[in-house]
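A.B. asks: A predicted structure for the sequence below; I have some questions about it.
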Amino acid sequence: MTDFLINWIANIPGFAVPFALAALGLIITEKSGVLNLGAEGFMLMGAMAGAGAVIVMGGYPLLALVIAAAAAATLALVFATLTIGLRVNQVISGLLMVFLAQGLTSLIATQQGWTNKAFTGLGKLPLGPLKDIPVVGPILFNQDLIVYLTVPIFFIAAYVLTRTHVGLRLRAVGENPEAADAAGVNITLYRLAAVIIGAALVGLAGGYLTVVVAKIWVDGMAGGRGWIAIALVIFARWHPWRALAGALLFGCVEALIPRVAAAGIGVPQYFMLMLPYAVTLGVMVWTSLARSGASSEPSALGQPYVREERH
Amino acid sequence: MADETAGMAGPPKAHGLHRFRPRLEMRQTTSGLRTAAMIAAGLAVGLGLSALILVASGVRPGDLVNEFIVQIFASPKNISAVLVQAAPMIIVGLSASIAFKARFWNIGIEGQMIFGAIGATLVATFDIGPEGLRLPLMALAAALGGIAWIALPAVLKLRLGVNEIISTLLLNYVALNFLLHLLYGPWQDPVSAFPHSEQFEETERLAALGWQSLNASLIVALALTVLVTVALTASRVGYLLNFVHTNATMARAVGVPVVLLTLAAALGSGALSGLAGFTISAGIEYRMTQSFFIGYGFSGILIAFLARNNPIGATIVALFVAVLMVAGQSLQVFYQIPFAMVQLIQAIIVICVAASDFFIRHRVQWLTG
């Protein structure tokens, strides 16, 4: 039983990281007032690019993760052109990104022969003697580099968002673009940067799925995790640390699925596979029932800004 | 855009800094001609980009015209293939249109199609009802299956404000896993032991119309088009839905039952998606397979968007999407181009048309000096 628990808990961070990074990216984007429903698409893009990069370069998994983030950021230029430049409905633009990425990733991977091709990805990075500490060692000190980096990334993002002038301006752009514009903040620039940085983080989350977790690319392998990340942002009420907590919760659920089957518990496998989606829905219902706490949903979320329409 | 050069700190400097920057103006009215010209330009750019991608994937430019136009419209076999393909496409286009009309973002069309097909297959497999009534019962069960699968997100949105985009989408994954559970478990075909349901009997299939492969699913789709058109354009409900679409706050203020109308539109959308699942199972595949729904949710949303939620427009756009699907199938056979290309082309064309909307709604002036 203890073995089961330790084994389960030690696997949670790896499952939580994609949710955490993607949710953080979405929070940054949405703080600027741009609603990004394309997360699933950016994640697919990152996952495919990461896998392709490892296969082509024959290794260098860390560089592949950078490429994964860059690929998603490149796709985000299309999204930014639509939403910020051309003021296209942000719901439609986000969905279009998902559809575009589904087609594009499947097409590129098939034509390049990357589909279903296993490779050696990023391995674990045990922290010397620390990993031999009973219980705590395997849980905290026998993870991969990205797991260790996730907490500092959250620190930096939370600090920049809440404690710096750049963060203040970013939030002003999402709360009240008219006022921010009048105060001399460049709305277009801030939104563009927020969309690109956000998409890069979602792409990194996607790259993590292929380069670190699965070590293979399969069509559509984000499997709804982008959508779950969007739900996580609502659950977290746009607070980075709450999003990290939520990601750990989903990590728990996902890490449990293969273990229940292995433990021989008689739940039909397809019902187990429904679990993450059902839990997400449950969390969303719970979030709206408990809508008492302070939400920092940006007031101008989803609304294009046209200076000439200022009131 | 040039105003990126504006200072990031402090108030904007003198306008001399903006050497060359766009100034947007919302158009109060746009002539029909300008709208048509802009949409045509968007379509042209989208088609051009798609053609470039196809050529880059190894299709000879000359074959492009051949595959997409000559081959499709020169042979009765291909025309009927397009029409057969169009039937479920039309129905999902109507489904999305009716939901979007009430500003209910139904992204769960595929999940509702799955439950529609499950309803129809339940009636067919267990021979429920007299043989003469079997098909209507299957259609009814499909509509109810679709309604059942959208009811929860609809109620959650209207009662608790749970975002329906995410809830309907999440339920797609739940429905897919339930479908796989049935097909790899209790409903697996006992004859072939493949993961699909057993074949429907003759009385459980939509009748052939006697020309090529055409069958009654096209008639079902056209009848639904008429029904939805009447409901949306010539009925009191349609009038009120237009009101809700334009300004829900105002509609609520003057006593329009907004919640009830939204619920009705959502459930109607679910019923239509369920029926789309029925037409594929009973009209094309004659059984429930594990991938029959793939891509339809996506296409339905894009069709409704391009047709601006107009049912007749949706029918026309659906026909074009069906042409694209049939051409895509032949590209797959003759050029080994993956079917994802069809999805990519759809997305590119819609992105270009969506972008053209900017030039319909805005007037751009370039300020200099």
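C.D. replies: Received, thanks. Note that the structure is predicted; figures quoted are calculated from it, not measured.

A.B. asks: report all helices and strands that the lengthiest helix in chain A contacts.
C.D. replies: Taking DSSP state H as the criterion, chain A has its longest helix at helix A:2-31. Judged by 3 or more C-beta pairs under 8 Å, 6 or more residues apart in numbering or on different chains; DSSP states H and E, helix A:2-31 is in contact with helix A:39-57, helix A:136-140, helix A:145-163, helix A:165-175, helix A:187-207, helix A:225-235, helix A:240-262. C-beta: built from backbone N, CA, C; applies to glycine.

A.B. asks: in it, what counts as buried?
C.D. replies: For helix A:2-31, burial by neighbour count (16 or more other C-beta atoms under 10 Å in any protein chain shown) applies to A:6, A:8-31.

A.B. asks: residues from the stretch 101-250 of chain A in reach of chain B?
C.D. replies: Counting by C-beta under 8 Å from any C-beta of the partner chain, the stretch 101-250 of chain A comes close to chain B at A:102-107, A:110-111, A:165, A:169, A:183-186, A:188-189, A:219, A:223-224, A:227-228, A:230-231, A:234.

A.B. asks: try 7 Å
C.D. replies: Within the stretch 101-250 of chain A, the positions near chain B by C-beta under 7 Å from any C-beta of the partner chain are A:102-104, A:106-107, A:110-111, A:183-184, A:186, A:188-189, A:224, A:227, A:230-231, A:234.

A.B. asks: of those, buried ones?
C.D. replies: A:102-104, A:106-107, A:110-111, A:186, A:188-189, A:224, A:227, A:230-231, A:234.

A.B. asks: so where is the stretch 201-311 of chain A shaky, pLDDT-wise?
C.D. replies: A:291-295, A:310-311 (pLDDT under 70).

A.B. asks: could you do chain B as well?
C.D. replies: In chain B, residues with pLDDT under 70: B:1-20, B:368-369.

A.B. asks: please parse it into its domains.
C.D. replies: Residue ranges for the domains of chain B, per automatic domain parsing: B:1-6+B:16-59+B:337-369, B:77-309.

A.B. asks: need those domains in a markdown table (columns: distance to chain A).
C.D. replies: Output for those, formatted as a markdown table (distance: least, C-beta to the nearest C-beta, whole Å):
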| stretch | distance to chain A |
| --- | --- |
| domain B:1-6+B:16-59+B:337-369 | 3 |
| domain B:77-309 | 4 |
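
A.B. asks: ok but residue B:363 is inside a helix, no?
C.D. replies: No: assessed with DSSP: H, G, I helix; E, B strand; the rest coil, residue B:363 is strand; it does not lie in a helix.

A.B. asks: circling back to that earlier point, so which of the domains of chain B is the most surrounded?
C.D. replies: domain B:77-309 (a mean of 21; mean count of other C-beta atoms under 10 Å in any protein chain shown).

A.B. asks: end-to-end on that one?
C.D. replies: Chord length of domain B:77-309, first to last residue, is 31 Å (C-alpha to C-alpha, to the nearest Å).

A.B. asks: go on, stretch A:178-198?
C.D. replies: End-to-end for stretch A:178-198, by C-alpha to C-alpha: 23 Å.

A.B. asks: per-residue confidence averaged over that stretch?
C.D. replies: Averaging pLDDT along stretch A:178-198 yields 94.

A.B. asks: how far off centre is that stretch?
C.D. replies: On the basis of C-alpha atoms, centre = their mean, to the nearest Å, stretch A:178-198 sits 22 Å off its chain's mean C-alpha point.

A.B. asks: could you look up the SS state of residue B:23?
C.D. replies: Taking three-state DSSP, the label given to residue B:23 is strand.

A.B. asks: hang on, isn't it packed against residue A:309?
C.D. replies: No: judged on C-beta atoms under 7 Å, residue B:23 makes no contact with residue A:309 at a distance of 11.8 Å.

A.B. asks: with adjacent residues omitted, what lies nearest to the residue nearest in space to the middle of chain B?
C.D. replies: Taking C-alpha atoms, centre = their mean, the centroid of chain B lies closest to residue B:300, which sits 0.3 Å from it. Spatial nearest neighbour of residue B:300, chain neighbours left out: residue B:92 (3.2 Å); criterion: C-beta to C-beta, 6 or more residues apart in numbering or on different chains.

A.B. asks: tell me which element that neighbour is part of?
C.D. replies: In this assignment (DSSP states H and E), residue B:92 forms part of helix B:76-101.

A.B. asks: got it, and residue B:46?
C.D. replies: helix B:32-56.

A.B. asks: name the surrounding residues that touch that helix.
C.D. replies: B:61, B:64, B:345, B:348-349, B:352-353, B:355-356, B:359-360 (C-beta atoms under 7 Å, 6 or more residues apart in numbering or on different chains).

A.B. asks: tell me which of these fall in helices.
C.D. replies: B:61, B:64, B:345, B:348-349, B:352-353, B:355-356, B:359-360.

A.B. asks: check these and tell me the two furthest apart.
C.D. replies: Taking C-beta to C-beta, the two most distant members of the ones in helices among the contacts of helix B:32-56 are B:61 and B:360; they sit 31.1 Å apart.

A.B. asks: what about the residue of the stretch 151-300 of chain A found nearest chain B, neighbour count?
C.D. replies: For the stretch 151-300 of chain A, the residue closest to chain B is residue A:270, as judged by C-beta to the nearest C-beta, at 3.7 Å. Burial of residue A:270 is recorded as 18 neighbouring residues (other C-beta atoms under 10 Å in any protein chain shown).
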